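Peer 1: 3D, please:
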Amino acid sequence: MAKLSTTEITKLIPERHEQLMVDQVLETDAQHIVAHQFISEDAPYFQGHFPSEPVVPGVLLVEGLQQSARLFLKLEAPDLDVTLQALNRVKFRKTVAPGSELTYDVQLVERTTQTLTFKGIVFLADQKACQAKIIFAVKGGHPSVQ
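Peer 2: The predicted structure follows:
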């Protein structure tokens, strides 16, 4: 089980400031990661999405899942080189507003020599806000993730 702060997270993945969608890793195991994000009321994307009724853009919820999966990979296989290949079965269930706290629950569900597939769910309180299947291509093949 690894708990990580924002400072430790930024050492593992390249996203910074407004693009960093994970502010804390709460737990990990061999197949799974749980991460957290607090949605600041002054996040820059609220200026245009939408000024009279601010909503977190859905693509940023999916980005949080993708970043959580990358963090999992960096913790489990630091030298593994992957690229995002596909997002499938993306569904948005709840509107996320300023001041919300999100939990990203991401699980490794399939490994091949060329891909790693994750199932991710974004929780707002105890309700699903978003879900997606995230597929990474493994550069050079042969993923070393157990």
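
Peer 1: helices or strands up against the top helix by length along the chain?
Peer 2: Among the elements of type helix in the chain, defined by DSSP state H, the one spanning the most residues is helix 58-76. Helix 58-76 is packed against helix 6-12, strand 24-29, strand 32-38, strand 82-92, strand 101-111, strand 115-124, strand 127-138, with contacts defined by 3 or more C-beta pairs under 8 Å, 6 or more residues apart in numbering; DSSP states H and E. Using the backbone N, CA and C atoms, a C-beta is placed for each residue, glycine as well.

Peer 1: next one: the most centrally placed residue in the chain from Tyr104, what distance?
Peer 2: Central residue check for the chain by C-alpha atoms, centre = their mean: the C-alpha nearest the mean position is that of Leu65, 2.2 Å away. Counting by C-beta to C-beta, to the nearest Å, the gap from Leu65 to Tyr104 is 6 Å.

Peer 1: what does Gln85 give?
Peer 2: Between Gln85 and Tyr104 the distance is 19 Å, computed by C-beta to C-beta.

Peer 1: what's the burial count for the spatially closest residue to Leu60 that is not a sequence neighbour?
Peer 2: Leaving aside its chain neighbours, Leu60 sits nearest to Met21 (6.0 Å; criterion: C-beta to C-beta, 6 or more residues apart in numbering). Here the number of neighbours of Met21 (other C-beta atoms under 10 Å) works out to 23.

Peer 1: ok, now which ones touch Met21?
Peer 2: 15, 37, 60, 63-64, 67 (C-beta atoms under 8 Å, 6 or more residues apart in numbering).

Peer 1: just the buried residues of the residues you listed.
Peer 2: The neighbour-count test (16 or more other C-beta atoms under 10 Å) marks 15, 37, 60, 63-64, 67 as buried among the contacts of Met21.

Peer 1: reformat those residues as TSV; add pLDDT and distance to Leu26.
Peer 2: Formatted as TSV, these follow (pLDDT from 0 to 100; distance: C-beta to C-beta, whole Å):
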residue	pLDDT	distance to Leu26
Glu15	87	18
Gln37	97	11
Leu60	96	19
Glu63	97	18
Gly64	98	13
Gln67	97	14
